[in-house]
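Engineer: structural data only, the sequence is not supplied:
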RNA sequence: UCCUCGGUAGCUCAAUGGUAGAGCAUGCGGCUGUUAACCGCAGGGUUGUAGGUUCGAGUCCUACCCGGGGAGCCA
């Protein structure tokens, strides 16, 4: 059947026929010398008079397919000639090893059938802005970069399940619709629930505690919703959170679990996502350094470090490095302009493109140079008792090459259900894990209050409705035990593993302030 | 809500207050080993909106709309 089917008129039937012999691009390396049939879309096309190079995408990878006019029927040659970007195709040909090509293989095409020719695919293989791409997210997902990110996301999700399942945790789900706010209503999405109001959950925390008292060690894995009006690279209004909750765990055990957990995620990504991380130009060494032990410090120690001479020196060094980069780029730009007039046309175009890249980079450097003094000022004036801001977290993580754990926070900046430090009532047994390289807080958690009287008092102090928490109080009435847990933000974690600047690239369809579609 | 940067061709970006341009994409032509292929030709614009200053505004001023980044808040 190779190369002879008329797909233009009857491709649906034919697809069924070839199903047995169709293989995916990712499995081509084991098919050298054989004839393979591939189904996919045209990512890119190059060519000359009697020769076309088609880059085929099938979702599992990319492969270059060479069409030589002398080796194919007229019909196939016309199909190759007519194929445009994202045209859906069935390609049959011999698999050749070729180290120069993507995936190390190349298809010597014997026939091409077209399923649909495409006109004017909007995402061209050139630079595009964020807004343009996000408006076309349904198509953008076909591109190489989202391909890599989504595959890493999938790997991270599998690592999470494997990690907990291997340790005897039960995966259980918390409800998404809730009657009451856990921590204030300002960040909750309110919905109509048969005439009365309800909210979309912003955490599975309290229900997680219920399940831990029933099943010992559990983890939730589900979406949460935050109506925060934040427009930053770290925020989504809908994101996925993983919340383990463990009976008979204290803060120390909680921190060790979080540490083992992140090490597992990073090491699985390094070993299983080599190709994806290479596409994303991720520094693998940075991920390989994610080893125990993570630096641990109390909030007070963190404040001290933040305001220390060591931080000032780091800021100074960063400033110097940026200024060196800046003058280097400016010098390059000047040199390019000098040679521009006597350059050939193609070279001029390279220089033009490079100038745009340099200008963009210089803008970023200038912005950071503007910010650095403010960051230092804010750090040195930091008052004990406040929560860390984004810049404070970034400066703290600059001191280390792996995630850091900050614990024993002032109780005022932590949730009402946190247990107090028995030795210092001003402190809560909470902990945050801050990812390195400025990726910020990816885990927040702690040991939960297990004393009924204390919790009732806390609910009063926070002006929360007592009756709504009766079921929660029951956990402290009937067999209360020390217990702990934490929440991991999936998208922030994926952004960190992939080394992405924007969190919105880490979820298939991001929901942010001002974006609800596609 | 506040601060800050931006909005020019389908896309990415240029343009001292003085005739709106380039590359890519698209169309046509050329090229048998391309890797963001290359070479030639062509079409493509109410410069976000509304006012104002000026002999003259993409450029300056005012207001508004939309977007990026950040603060607050957070994973």
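Structural biologist: Great, that's in hand. Quick caveat, the model's predicted, so the values are computed rather than measured.
Engineer: which positions in the stretch 51-200 of chain A make contact with RNA strand B?
Structural biologist: A:51, A:53, A:64, A:66, A:68-70, A:84-85, A:98, A:100-102, A:106, A:108, A:120, A:122, A:124-132, A:134, A:183, A:187 (C-beta under 7 Å from any atom of the strand). In this view, the C-beta of every residue, glycine as well, is placed from N, C-alpha and C.
Engineer: oh, I was asking about the stretch 251-400 of chain A
Structural biologist: Counting by C-beta under 7 Å from any atom of the strand, the residues of the stretch 251-400 of chain A close to RNA strand B are A:345-346, A:349, A:352-353, A:356, A:359-360, A:363, A:367, A:387, A:389-391, A:393.
Engineer: quick one: which of these is most hemmed in?
Structural biologist: The most crowded member of these, judged by other C-beta atoms under 10 Å, is residue A:393 (22 neighbours).
Engineer: where's that residue, which helix or strand?
Structural biologist: helix A:390-397 (DSSP states H and E).
Engineer: which helices and strands does that helix pack with?
Structural biologist: Using 3 or more C-beta pairs under 8 Å, 6 or more residues apart in numbering; DSSP states H and E as the contact criterion, the elements in contact with helix A:390-397 are helix A:299-306, helix A:309-340, helix A:345-380, strand A:404-410, strand A:424-435, strand A:440-447.
Engineer: what's the angle from the longest one to helix A:299-306?
Structural biologist: It stands for helix A:345-380. Helix A:345-380 runs at 130 degrees relative to helix A:299-306, counting by axes from the mean of the first three to the mean of the last three C-alpha atoms, to 10 degrees.
Engineer: any idea of the mean pLDDT in helix A:345-380?
Structural biologist: What helix A:345-380 shows for mean pLDDT is 77.
Engineer: which of the residues in that helix are buried?
Structural biologist: A:351, A:358, A:365, A:372, A:375-376, A:379 (16 or more other C-beta atoms under 10 Å).
Engineer: and for the second one?
Structural biologist: The neighbour-count check on helix A:309-340 (16+ other C-beta under 10 Å) flags A:311, A:315, A:318, A:322, A:329, A:333, A:336 as buried.
Engineer: ok, and the closest non-adjacent residue to the first one?
Structural biologist: Counting by C-beta to C-beta, 6 or more residues apart in numbering, the nearest residue to residue A:311 once its immediate chain neighbours are dropped is residue A:395, at 5.6 Å.
Engineer: swap in the last one?
Structural biologist: Sequence neighbours aside, residue A:351 is the residue nearest to residue A:336 in space, at 4.7 Å (criterion: C-beta to C-beta, 6+ apart).
Engineer: go on, residue A:108?
Structural biologist: residue A:94 (4.6 Å).
Engineer: distance of the residue nearest to residue A:336 relative to residue A:358?
Structural biologist: Distance from residue A:351 to residue A:358, counting by C-beta to C-beta, to the nearest Å: 10 Å.
Engineer: again with residue A:404
Structural biologist: 34 Å.
Engineer: likewise for residue A:485?
Structural biologist: According to C-beta to C-beta, residue A:485 and residue A:358 sit 48 Å apart.
Engineer: same check on residue A:51?
Structural biologist: The value you get for residue A:51 to residue A:358, if C-beta to C-beta is used, is 36 Å.
Engineer: so does the longest strand along chain A get close to RNA strand B?
Structural biologist: Counting residues, the longest strand found in chain A (DSSP state E) is strand A:35-48. Yes - interface with RNA strand B: strand A:35-48 contributes A:44, A:46-48 (C-beta under 7 Å from any atom of the strand).
Engineer: so what secondary structure elements neighbour that strand?
Structural biologist: Strand A:35-48 packs on strand A:51-57, strand A:62-68, strand A:88-97, strand A:105-116, going by 3+ C-beta pairs under 8 Å, 6+ apart.
Engineer: give me that answer again for 6 Å
Structural biologist: Here strand A:35-48 touches strand A:51-57, strand A:88-97, going by 3 or more C-beta pairs under 6 Å, 6 or more residues apart in numbering; DSSP states H and E.
Engineer: before we move on, back to that, for RNA strand B, state which of the buried residues of helix A:345-380 is nearest.
Structural biologist: Using C-beta to the nearest atom of the strand, residue A:375 is the member of those that lies nearest RNA strand B, at 8.6 Å.
Engineer: the closest one touches residue A:391, doesn't it?
Structural biologist: Yes - here residue A:375 reaches residue A:391: they are 4.1 Å apart, a contact under C-beta atoms under 6 Å.
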